[in-house]
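Participant: Here is the input, now give the coordinates:
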Amino acid sequence: MKEAEQGQFKKTFERMVNEVVSTRRCCGCSMCVVTCPYGVIKYDPVSMSPYVAKPKGGFAYCPISEEVGCDVCANACGRLGSECMKPIKPEEIDVRVFGRSRREDEPYGVMRFMCVVRSTNSNVVTNAQDGGAVTEILRCAFNEGIIEGAAVAGPSDKMWLDPVPRVVKSADELIQTAKSWYTYCATPMALKEAVDKHKLKKLALVGVPCEISGYATTLGADTNFTTADRGEKNIEKQNRHLKQYVEAVQVTLGLFCSETFVFERFVYEYLQGKLGINPQDVVKVNVKGKLIIDLKDGARIEAPLAEAKAYKRAQCNYCGDFSAEHADISAGGLGTAGWTMLIIRSVRGEEILKRTIEKGYLQVKPVSEFEHSMRLLKRLTETQRKRAEEQYREFR
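Facilitator: Alright, predicted model coming up:
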């Protein structure tokens, strides 16, 4: 495109805000906030969007971007493509992470193999979302010295239903964050805490597809967007902040995800207002073709998933990635009844899974034994891609 070649679509804070944030396409992954070298971009957990904390101009004005030259944030945005109002193509991110694009025979993205696993520890299975695979992979990674910290989502002090970014620093802490949350949490913010506050250098990142793609976009970003007129110190600082958080990550674990819910509406309007559930009593939420809510007293309440979908985040409509296609290992419980389906995509993902199995943390079954789950994966993958394509048509 001639205009792009002339620099019209250079990735800038202004473009990111106007084309992504203000159009409600921002997934809220927070990678722009994590990588900001000057601390001027903050994260609003209510709108789940970035903003300039001390603006000197309008909504789309960042004083550092305009006056010094930076735009690190824009180069960490997975939904800001090189063309106006278009996201980065998944195949482009494939190359950044795996060194190649997906083949035609890889309908779920780049992959090496698939399997279904479950923890060999019954206590982990009881306390996990499905088969406890993510917990056990992280446990092995801690015990084998592969990682010294993990960026995850975990319950806040407010209530179990309210997830916050957490830095787990030992295998013993994992069980506290073993389940999944269906209200959104900007997990990558924990990467920043792990590096800046705890000085950790070997990390794992557990996140939903948009967060994993944000990580992958940042990891593969070209630092040549910086220019000499910014000054040597500024360039060094900008390049360092763009890369230091993602380069500390030794393994990414992506969670299958169709959508997440808006916290206030889902918890207070739906669970409390419509279903009559005290939010403080909830200890687990799961989606298995329907919404399943477990309570402290052992009671289980089931509700139609179609009802809950009315409280989903509008931003999720722009996500075409169901199976976390840019993770080292993708995980989810698709009709597997206490087991976890895994898609192993990278060499390092394969190596850590094999070690986890060899050390006795996981038992394995071939994915061929789960035909129904494979049909679900195919349908949900195709449905999500189609949904995102339809959403983006209005910008073409």
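
Participant: Output the below-cut-off pLDDT ranges for this protein.
Facilitator: 1-8, 226-229, 395-396 (pLDDT under 70).

Participant: Spell out the residue ranges of the strands in it.
Facilitator: With strands called from DSSP state E, the chain shows them at 41-44, 49-52, 113-119, 149-155, 163-168, 203-207, 249-255, 282-287, 290-295, 300-304, 329-332, 340-344, 362-365.

Participant: Tell me what angle the third one forms with strand 340-344.
Facilitator: Here strand 113-119 runs at 140 degrees with respect to strand 340-344, directions being taken by axes from the mean of the first three to the mean of the last three CA atoms, to 10 degrees.

Participant: begin at 33 from here
Facilitator: Sure thing, new numbering starts at 33, so read that last one as strand 145-151.

Participant: Counting by contacts, list what strand 145-151 packs against.
Facilitator: If you count contacts as 3 or more CB pairs under 8 Å, 6 or more residues apart in numbering; DSSP states H and E, strand 145-151 packs onto helix 165-175, strand 372-376, strand 394-397. All C-beta spots, glycine's among them, are computed from the backbone N, C-alpha and C.

Participant: now do the last one
Facilitator: Contact partners of strand 394-397 among helices and strands, from 3+ CB pairs under 8 Å, 6+ apart: strand 145-151, helix 165-175, helix 379-390.

Participant: and the helices and strands packed on strand 145-151 as TSV, adding mean neighbour count?
Facilitator: Putting the helices and strands packed on strand 145-151 into TSV (neighbours: other CB atoms under 10 Å) gives the following:
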stretch	mean neighbour count
helix 165-175	25
strand 372-376	26
strand 394-397	16
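
Participant: export these to CSV and tack on distance to V281?
Facilitator: Output for those, formatted as CSV (distance: least, CB to CB, whole Å):
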stretch, distance to V281
helix 165-175, 11
strand 372-376, 17
strand 394-397, 22
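
Participant: ok so, going back, would you mind saying which of the helices and strands packed on strand 394-397 lies nearest E115?
Facilitator: E115 sits nearest to helix 379-390 of all these, at 31.0 Å, using CB to CB.

Participant: picking that back up, among the strands of the chain, which is nearest E124?
Facilitator: The nearest among these, by CB to CB, is strand 281-287 at 17.5 Å.

Participant: Run through the neighbouring helices and strands of that closest one.
Facilitator: For strand 281-287, the packing partners by 3+ CB pairs under 8 Å, 6+ apart are helix 165-175, strand 235-239, helix 241-251, strand 361-364, helix 379-390.

Participant: Okay, now the sheet partners of it, with direction.
Facilitator: strand 235-239 (parallel), strand 361-364 (parallel) (DSSP bridges).

Participant: Compare those and report which one is nearest to K43.
Facilitator: Proximity to K43 (CB to CB) singles out strand 235-239 among those, at 22.1 Å.

Participant: list the contacts for P122?
Facilitator: 134, 141, 245, 352-353, 357-358 (CB atoms under 8 Å, 6 or more residues apart in numbering).

Participant: hmm, try it at 7 Å
Facilitator: 353, 357 (CB atoms under 7 Å, 6 or more residues apart in numbering).

Participant: Over to R262?
Facilitator: Counting by CB under 7 Å, 6+ apart, R262 touches 100-101.

Participant: Could you measure from it over to V379?
Facilitator: 36 Å (CB to CB, to the nearest Å).

Participant: Spatially nearest residue to the most centrally placed residue in the chain, not counting backbone neighbours?
Facilitator: Geometric centre of the chain, nearest residue: E243, 2.5 Å, by CA atoms, centre = their mean. In space, and not counting its chain neighbours, E243 is closest to C61: 4.6 Å by CB to CB, 6 or more residues apart in numbering.
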